[in-house]
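**Q** Test case, fold it:
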Amino acid sequence: MSQKPMSVAIVTPGSFPIPSGVSSSVEQVVEKMASQLIKRMPVYVLGRKPSYQPVREIRNGVSYIRVRYRGPTIYRDEVRKHIAKLKPTIIQVENRPRYVRFLRRCYPKVRLSLVLHSTSFISKSSISNKDLRACLRAADVVIVNSDFLKNIVQAKAPAYAHKVVTHYLGVDVSRFKSRWSEEGIQSRNQFLQQLGYENRKIILFVGRLIPKKGIDHLLNAMKLIITKEPTALLILIGSAFYGSHRLTNYVKNLHRVGNTMPNHVRFIPYISHSEVPKWFQIADVVAVPSDEGEAFGLVNVEAMASGIPVVATRSGGIQEVITDGTVGYLVHPRNIKEEFPHYLLLLLADEELRRRMGKQGIQRVQQHFTWEKAAETRHDLYSRMRGKRLFI
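**A** Below is the predicted model:
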C-alpha cells in the first residue's frame, strides 16, 4: 500500500498578514520557504486574516488559509480546526513554542517541528525555562537559523539538545541582483540619477530602528567618516515598528544626531520588502552594527547577493554568514568606536576591494544561502521524520 503524499502545514504567529509587504522577517521567511517547498510537496500556510485578503487563496502554488486574530488563544484554536481538515504529515510552527505544546495535545501522532527565528520568544520575559522545556519536549525537531541560536536553545533545555538542528536562511537571488552585472550597473545609475546621488559614496543600513540594531554607533562613526570622506552619505532605511512610521524616543534621538550632519545622513521610513533590492544596488557598503545577540540577519545575505561588502559586528549568527576579510569585515562590539569607521572608510576608498569582496559575497550566497538550498534541506529533514520519530 503506497504512502499518502507528504504535506506540511506552516503555522505563522498571527502577528502580521502573510504574504504582506509590511510583515516581520518571520513572514518573509515563511513566504520564501513555502514558495520553494511547494516544488517538493503540498504546503499550507495558516495565518492572520486582514480585511483586504481572502480567507483562502493560492499564490505560487501555496495554499494560504487565514483566520481572524483575536488573541493567541483563539487564534491557535481556529488554526487547530483547519489542521484537523488538512491532515498534514508535518505541522511546522513558527517562533511560538507554546503553540507546539497545544498542538501536540490535539494531534499526538502528527510530526511537529518548531522553527525559532530569534531569542525573543524563548527569553525569560516571554516564557519560563520550565514551560520552554515542556514545549520543546512536545516538538519532534527544533529548527534554528544559526549555530549561535542552537547553542542558546540547547543551554536552556539540555535534555532536548539532540532535537535542535541548524538550517540557514536564504535569499531570493532573482530579486537581489549583482550591482556589478550589466543590468545592475544600469539600474544603479538610473536610481542614483533619480535621487541626485551620482557623486556620493553610499553606506546603507536596512532594518528596524531599535537600540539592539546599533544605529547610534553608526551615526557616531559618520562624524569621523565625513571628515575624511566628504562625499559619504549614510542612508538609513527602516522604522521602529514593522509597517509603521511611529517615532520612539530612540528614533527621535537618532534624528537629532542625524540632523547635525544634514548633507550626510538620510532617513527613509519603513518601505515594502519588494522595494529593498533597488536600494542595495546603489550602496557601496552595507553596515550592520547590531549589538550582541543577532541570530542571523537576513540583511547580510541580501547585501552579499547584491554584490555589496558588509561591515558588521561580531554578533551572534552574523559570524556564521560573514567571513571576515573575504566578503566584508567583522568588528568586535567593544571595538566598534574605532574599527567601524576604519573599515567603512577602507572600503569607500577602494572600488576594486569593494568589487572583489562583492563578487566573493555573491559566490558565498550561491553556495550556502539560497532559498532553493534551504528548502532542499528542510524537505530532506521532513522526509526522514516521516516514517519514525527522528529523535528519541
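**Q** Can you check the pLDDT for Met1?
**A** As predicted, Met1 sits at a pLDDT of 41.
**Q** err, Arg389, not the other one
**A** Reported pLDDT for Arg389: 53.
**Q** what's the answer for Ser244, then?
**A** Reading off the model, Ser244 has pLDDT 65.
**Q** Ok, Pro269 next?
**A** 86.
**Q** Test my guess that it contacts Ser239.
**A** Yes: using Cβ atoms under 8 Å, Pro269 is in contact with Ser239, at 5.4 Å. From N, CA and C alone the C-beta is placed, and that goes for glycine too.
**Q** what sits in contact with each of these two?
**A** His245 (Cβ atoms under 8 Å, 6 or more residues apart in numbering).
**Q** And these two? Which one has more around it.
**A** Ser239 (22 against 14; other Cβ atoms under 10 Å).
**Q** who's in contact with that one?
**A** Contacts for Ser239 were tallied using Cβ under 8 Å, 6+ apart; they are Arg208, Leu209, His245, Arg246, Val251, Pro269, Tyr270.
**Q** Would you agree Gly184 is in contact with Lys177?
**A** Yes: with contact defined as Cβ under 8 Å, Gly184 and Lys177 form a contacting pair (5.2 Å).
**Q** how many other residues sit next to the closest residue to Val62 other than its chain neighbours?
**A** What sits nearest to Val62 in space, not counting adjacent residues and going by Cβ to Cβ, 6 or more residues apart in numbering, is Ala34, at 4.6 Å. Look at Ala34: counted by other Cβ under 10 Å, it has 25 neighbours.
**Q** now do the one 4 residues further on
**A** Applying other Cβ under 10 Å, we find 20 other residues in the vicinity of Ile38.
**Q** intersection of neighbour lists for Gly184 and Lys177?
**A** Joint contacts of Gly184 and Lys177 (Cβ under 8 Å, 6+ apart) are Gln281, Ser306.
**Q** Let me see the contact set for Tyr343.
**A** Here Tyr343 is in contact with Val311, Tyr329, Val331 (Cβ under 8 Å, 6+ apart).
**Q** Please state the backbone phi and psi of it?
**A** The phi/psi pair for Tyr343 (degrees, to the nearest 10) reads phi -70, psi -30.
**Q** Per-residue pLDDT of it, please?
**A** For Tyr343, the model assigns a pLDDT of 98.
**Q** tell me the strands in the chain, going along the chain?
**A** 8-11, 43-48, 56-59, 62-67, 90-94, 111-116, 141-144, 164-166, 201-206, 232-237, 265-268, 285-288, 310-313, 328-331 (DSSP state E).
**Q** Identify all contacting residues around stretch 359-372.
**A** Under Cβ under 8 Å, 6+ apart, the answer for stretch 359-372 is 32-33, 35-36, 168-173, 178, 180, 301, 303-305, 307-310, 321, 323, 326-328.
**Q** so where is the chain shaky, pLDDT-wise?
**A** Scanning the chain for pLDDT under 70 picks out the ranges 1-3, 243-244, 387-392.
**Q** Wait, Phe191 touches Phe280, no?
**A** No: contact criterion Cβ under 8 Å: Phe191 and Phe280 do not qualify, at 10.5 Å.
**Q** who has more neighbours, these two?
**A** Taking other Cβ under 10 Å, Phe191 and Phe280 do not tie; Phe280 has more neighbours (25 against 14).
**Q** Roughly how far does the more buried one sit from Ser24?
**A** 19 Å (Cβ to Cβ, to the nearest Å).
**Q** cool, Ser125 as well?
**A** Counting by Cβ to Cβ - Ser125 and Ser24 are separated by 18 Å.
**Q** of the two, who's got more company?
**A** Taking other Cβ under 10 Å, Ser125 and Ser24 do not tie; Ser24 has more neighbours (19 against 6).
**Q** how deep is Ala159 tucked in, by neighbour count?
**A** For Ala159, using other Cβ under 10 Å, the count is 10.
**Q** so it makes contact with Arg133?
**A** Yes: contact criterion Cβ under 8 Å: Ala159 and Arg133 qualify, at 6.9 Å.
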